[in-house]
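Trainee: need coordinates for the below:
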Amino acid sequence: MSKLYRIIDANYNRIAEGLRVLEDLSRFYLNEEVITEKLKKLRHTLRKSLAAWQEKLLFSRDAENDFGLTISQKNCLDKKDSLAQLITANFKRVQEGLRSMEECWKVLGKDDISKIYESCRYQAYSLEKDYFFFFAQYLQREKLRSNIYCLTAEEYSRGRSNIEVVQEMLAAGVEIIQYREKEKKMLLQYKECMKLREMTKEAEALFLINDHIHLALAVEADGVHIGQDDLPLARVRDIVGEKMLVGLSTHSPEQAQAAVVDGADYIGVGPIFSTKTKKDVCSPVGLGYLDYVVKNIAIPFVAIGGIKEHNLEQVLAVGARTIAMVTEIVGAEDIKEKISKMRRKIDEICNSDGSC
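Mentor: The predicted structure is shown next:
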């Protein structure tokens, strides 16, 4: 029976190490306070539960004769190629370790301690779900920092359909597509968006829909982009839920700050220059407002409005790194080449100042 304490000791260390990895990722990489606090509390609960047994567990330890290390170093079973794999592996390490300890304490006749580990195991199951829900949102938001943000504008697309244009955008590696077609009948928009949703999902790109919340929900888009004259952001969030991204067009520092407070996932900043793409657009906000956002707003933002190849460097010089160009891309003879050229210019600027 005394060897059971060696199993308990080994599994406690395994669990504590797994929780620490998850806690560090949550705290320093994902910057998620609530989940970090829950992981820390679980780790401390487990530590306190064994306080009276520390001496017995230490004396049962025999790391020198544990052939587990030899087995581990002979194979690549523990290899991880992504953050998702790292997170999954450590949650499984925690959950399996808790189960092993739970069963050992039962055999030792310590049902009260066993129940603690059973409760902790179920907490770990719930935490894993919450962790991956947040992680999925984190990955979505990170894509919002992609350098090129593309929008549809069929009337400027040289006779090409939105499907053809988006196909070229995705082939060029674009990670954000916003569907913006105000004049088409809703049924046609729905059919187009269903196809675009299929294409963007296959390419692992974000698919956002301008204005039409019901359309975004109907096609299961990744997000919806609204303007200052649309439904209030908080109400839109109530409708679409936490999983869907919500972006808001802003034209002033006050609107940008309000968007952050109201829970926008990202903001549009513009129009930077004069543009005729939108018929109801406000006057240009210029580079001054963009400079304010760069220095004061932490959430992702996209610079938009009248940005062309000839003035792109002005926008980049202020500090914008996600750029929306509408007619410059959809109206290009070679969309893939145009995107590649713009991306090279963005990379060149931000690599030179270390902001990439």
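Trainee: domains in the protein, by residue range?
Mentor: For the chain, automatic domain parsing gives the domain ranges 3-140, 144-352.
Trainee: can you tell me which of those the model trusts least?
Mentor: For the domains of the chain, mean pLDDT drops lowest on domain 3-140, to a mean of 89.
Trainee: now do the same end-to-end measure for that domain.
Mentor: Domain 3-140 has an end-to-end distance of 47 Å (criterion: Cα to Cα, to the nearest Å).
Trainee: and if you look at stretch 218-237?
Mentor: Start and end residues of stretch 218-237 are separated by 16 Å (Cα to Cα).
Trainee: then stretch 257-266?
Mentor: Per Cα to Cα, the first residue of stretch 257-266 is 11 Å away from its last.
Trainee: now it: how far from the chain's centre is it?
Mentor: Computed by Cα atoms, centre = their mean, to the nearest Å, the chain-centroid distance of stretch 257-266 equals 16 Å.
Trainee: got the buried residues for it?
Mentor: 258-259, 264-266 (16 or more other Cβ atoms under 10 Å). In short, each C-beta sits where N, CA and C put it, glycine included.
Trainee: same deal with stretch 150-158?
Mentor: Neighbour-count burial for stretch 150-158, counted by 16+ other Cβ under 10 Å, picks out 150-154, 156-157.
Trainee: related to what we said a few turns ago, the buried residues of stretch 257-266 in strands, which ones?
Mentor: Secondary structure of those is defined by DSSP state E; positions in strands are Y266.
Trainee: possible to save the buried residues of stretch 257-266 as JSON lines with distance to H310?
Mentor: Output for the buried residues of stretch 257-266, formatted as JSON lines (distance: Cβ to Cβ, whole Å):
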{"residue": "A258", "distance to H310": "33"}
{"residue": "A259", "distance to H310": "30"}
{"residue": "A264", "distance to H310": "30"}
{"residue": "D265", "distance to H310": "31"}
{"residue": "Y266", "distance to H310": "26"}
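Trainee: packed most tightly, which of the domains of the chain would that be?
Mentor: Comparing those by mean neighbour count (mean count of other Cβ atoms under 10 Å), domain 144-352 ranks first with a mean of 18.
Trainee: so how far is it from its chain's centroid?
Mentor: 17 Å.
Trainee: got it, and stretch 124-137?
Mentor: Centroid displacement of stretch 124-137 relative to its chain, using Cα atoms, centre = their mean, is 13 Å.
Trainee: what does that stretch rub up against?
Mentor: Defining contact as Cβ atoms under 8 Å, 6 or more residues apart in numbering, one finds that stretch 124-137 is touched by 22, 26, 30, 32, 35, 38-39, 42, 83-84, 87, 91, 94-95, 98, 242-243.
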